[in-house]
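Undergrad: Test case, fold it:
(one chain, ligands or ions: 1)
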Amino acid sequence: MSQDIDQRAHDTFPTDPAGLPEATRPGVRELADGDVLDLRIAPLAKRLDDATVRMLGYNGSIPGPTLRVRQGSEIVVRVANDGDLESTVHWHGLRLENRFDGVPHETQIPIPVGGEFTYRLRFPDAGLYWYHPHVREDYGQELGLYGNIIVEPADPEYWPAVHRDIVLTLDDVLVEDGTIAAFSRTETNFAAMGRFGNVLLIGGEPHATFTAQAGEVVRLYLTNTANTRVFNVALPGARMKLVGGDSGRYERAEVVEQVLLAPSERAIVDVLFTAAGALTLEHRTPDRTYPLASVTVTAEPAEPSPASAFDAAHPAPELIAERRRMDAYLAMEPDKILALVAEMDDMGEMAGDGPVIYACPMHPEVTGPEPGRCPKCGMKLMSTSQDPSATIHGHHGDDHPHDAPSDGIEWEDDMVEMNRMATTENMHWKLIDRTTGAENHHIDWRFTVGQRVKIRLVNEMDSDHPMHHPFHIHGAGRFLVLARDGLAEPNLVWKDTVLVRTGQTVDILFDVTEPGLWMAHCHIAEHMQSGMMFSFTVDRETK
Ligand SMILES: [Cu+2]
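TA: Numbers count the residues shown, from 1 in each chain. Predicted structure coming up:
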């Protein structure tokens, strides 16, 4: 306890795991209509290879328990907060009653440490959802506060047939000197690119393993719970079929080589294990491949095998109906245009007597006598008084040349020290309504239940740090991606988050169904903390 007090004096959250219960593996809670679940936030000791670190969990596990519910049911969740700071629970992707959406000071008073709040949840849509705090998301999510909800469809034919399923969260944590790198109680750091971790946690584990049988079809429920890392998942040696996204199934099941998930996005992937062997679930970036989990496939055949049906398209009539109206949606002028922009204070080192030059933190070889932007990546040049390679740290060296990502995704933190220094004080992430000029919380959108709103998201290159943003809208409705850079989306699925790559323009069609005051924000936790959010009002339909 004395160390806790000492750390409070230094204004950081505690990091000492001594005396804490060890984190357990997440349990599965099957909940029927009307059931009540108790969910308790509390600190835990978590073993990560050589280090034992202090983290936070729901009901003693990381991730928290997986809730399995029936579409159309309602449950009650009583949340007790025995964590480090006030909290709420946001039920990500659920279209629910606004007062249970878990947005602090907007839909509820935050739950104080030692306090409780009771949520009523309903599940109108089948699919994969998740829960996490909406207070200091950068801290809470990094420390392990996340769990999944699987909503079983009312229609037994909704999904293709599988033998069984596995729920896997994809996450990373930054471990330094045997603890999770410290968090200030008052300020979010790593506000430029978000906090990248150096230990990957799959289903909460640094070395996840599972087994399967030859001929078996296993459904993977994947959720990216990382603060900022984008995952690109592949499973060489097996066949993968993408069947579902954020909110339910795709227009048609599609055999894929890899699946991209930005923070908070979900993917439901059916895997056919064709033969016995040792496989590795991987995260593939253009420069690197990370192992995520080891899979042992045994020769004993799974029977009966649905392998013959694996290539069936399993069409979704509700989305095929949307496809028929696609040309009209694409032709519509957008109702709203939202720009995604960064403003960064100069974080360079002005000390010294030498002449000031300006350098790119990501490309130290790019320097100039005047302030400006890097021609390689668009980043704001930072002032420096000497050899820039000596003062601007964090570039990974010439063995890792990092040019403007051609795919518009920042896969790694290529300017660690600059990113660490970037805080909510000097880094200003903005959503700007290009029609009114209003920024962030000044944006004042008003919709009506039943409306369909076409929103154009423009990730502008004229920005101090152009990068990708996963844009998330709370449960006022759900949306379809219509087009990315003018190309019509080839396979539709209902979504609550869309990745907008660097320089990209994405058109979405937002189907508004629930009244209340709702949030929209970037789901890079540090970007949201740095202002990249606003709320909008949905009025009830006038009869
Ligand atoms: Cu962002």
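
Undergrad: Count the residues that sit near the closest residue to the ion within the stretch 351-500 of the chain.
TA: Residue nearest to the ion within the stretch 351-500 of the chain: H469 (3.4 Å; C-beta to the ion). The C-beta positions use only the backbone N, C-alpha and C, and glycine is treated the same way. Counted with other C-beta atoms under 10 Å, the neighbours of H469 add up to 28.

Undergrad: Output the below-cut-off pLDDT ranges for the stretch 201-350 of the chain.
TA: Residues of the stretch 201-350 of the chain meeting the criterion pLDDT under 70: 305-307, 348-350.

Undergrad: Do a quick rundown of the strands in the stretch 351-500 of the chain.
TA: 357-359, 367-368, 382-384, 427-433, 446-448, 452-459, 469-473, 477-484, 487-488, 497-500 (DSSP state E, counting those that start in this stretch).

Undergrad: Could you save these as CSV and add columns showing mean pLDDT?
TA: What follows is the strands of the stretch 351-500 of the chain, written out as CSV (pLDDT from 0 to 100):
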stretch, mean pLDDT
strand 357-359, 84
strand 367-368, 84
strand 382-384, 79
strand 427-433, 93
strand 446-448, 98
strand 452-459, 97
strand 469-473, 98
strand 477-484, 98
strand 487-488, 97
strand 497-500, 98
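
Undergrad: hmm, back to that, does the residue found closest to the residue of the stretch 351-500 of the chain closest to the ion once you drop the neighbours it is linked to in the chain have beta-bridge partners, and which?
TA: Closest residue to H469 apart from its sequence neighbours, by C-beta to C-beta, 6 or more residues apart in numbering: C522 at 4.5 Å. C522 has these beta-bridge partners by DSSP bridges: F471.

Undergrad: C522 - how many residues pack around it?
TA: Residue neighbour count, defined by other C-beta under 10 Å, stands at 28 for C522.

Undergrad: swap in R47?
TA: For R47, the number of neighbouring residues by other C-beta under 10 Å comes to 13.

Undergrad: wait, it sits on E22?
TA: Yes. At 7.0 Å, R47 and E22 qualify as touching, with contact defined as C-beta atoms under 8 Å.

Undergrad: Any chance of TSV for the strands of the stretch 351-500 of the chain, columns distance to T296?
TA: As requested, the strands of the stretch 351-500 of the chain are arranged in TSV below (distance: least, C-beta to C-beta, whole Å):
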stretch	distance to T296
strand 357-359	49
strand 367-368	52
strand 382-384	49
strand 427-433	43
strand 446-448	50
strand 452-459	41
strand 469-473	33
strand 477-484	37
strand 487-488	40
strand 497-500	32
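
Undergrad: Looking at the ones you listed, spot the one closest to D335.
TA: strand 452-459 (4.9 Å; C-beta to C-beta).

Undergrad: For the residue of the stretch 201-350 of the chain found nearest the ion, which residues are in contact?
TA: The stretch 201-350 of the chain approaches the ion most closely through L340 (6.9 Å), counting by C-beta to the ion. Contact analysis of L340 by C-beta atoms under 8 Å, 6 or more residues apart in numbering lists 430-431, 457-460, 463, 469, 471, 500, 522, 532.
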